[in-house]
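>>> Okay, here's the prediction I keep looking at, along with the sequence it came from:
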Amino acid sequence: DLGLSTANCKKVIVRYPQIFSVKVGLLEDRPSSISTNINTNTNTNTNKPNRIKSKPKSHLIHRAEFLQTHLGLRGAYEWNDVSNVISSFPPVLWLSEGNLMDKIKFFTNEFDFGVEDLRDVLVTYPQILGLGVDCNLRLKVDYLLGDGDDVDGGAGLTRQELKEFVLYQPALLAYSLEKRIKPRIRRM
């Protein structure tokens, strides 16, 4: 239902096996609505299932629609951008809508991002949705916009320059402030 190809499903499972430890209630509206078939292996030495089938239910569909509506995700196929974002950053499935909206508001307020800008950043680097606003993103933005006259005062970028940098390289905001950004600014 989400449009994930078999290859992308495998990619999600390999990169984030903890998806199986997430409570089912976080992935769907009603725990009773999941349909699971387990065919056990006929080898009597093992009791491991060899196949599990489950259908994503209303919560996953609702989350995909939320991502499409609020993040401006789209594509040639209905769920194309959504599938790419989920494949690259599966935690987007269990982050709260409030948490995601806080980040969307941050990007639209700090960088004056339009829907297309937000979409470009999220499709390029969806892991940015995992960063905290107050304890991470705001500190980096304040430093990069800060007065460059003092060594630790900041990079002295204008808001427009920073917006262009983030659009070009969204991972910039994921770099460590203390271990990567500040040392490089000091050397310049």
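Structure's in. What do you need?
>>> Least confident secondary structure element in this structure?
The least trusted helix or strand in the chain, going by mean pLDDT, DSSP states H and E, turns out to be strand 37-40, with a mean of 30.
>>> Any idea how far apart the tips of stretch 107-125 sit?
14 Å (CA to CA, to the nearest Å).
>>> So for that stretch, mean pLDDT?
The average pLDDT within stretch 107-125 is 92.
>>> What lies in contact with that stretch?
For stretch 107-125, the external contacting residues (CB atoms under 8 Å, 6 or more residues apart in numbering) are 71-74, 81, 84-85, 104, 128-129, 141, 159, 162-163, 166-167, 170-171, 174. (C-beta placed from N, C-alpha, C; glycine too.)
>>> buried set for it?
For stretch 107-125, the neighbour count (16 or more other CB atoms under 10 Å) marks 107, 110-111, 113, 117-123, 125 as buried.
>>> now for these, which pair is the farthest apart?
The span of the buried residues of stretch 107-125, defined through CB to CB, is set by E110 and V123 at 19.2 Å.
>>> How many neighbouring residues does L73 have?
By the criterion of other CB atoms under 10 Å, L73 has 24 neighbours.
>>> Understood, closing this out.
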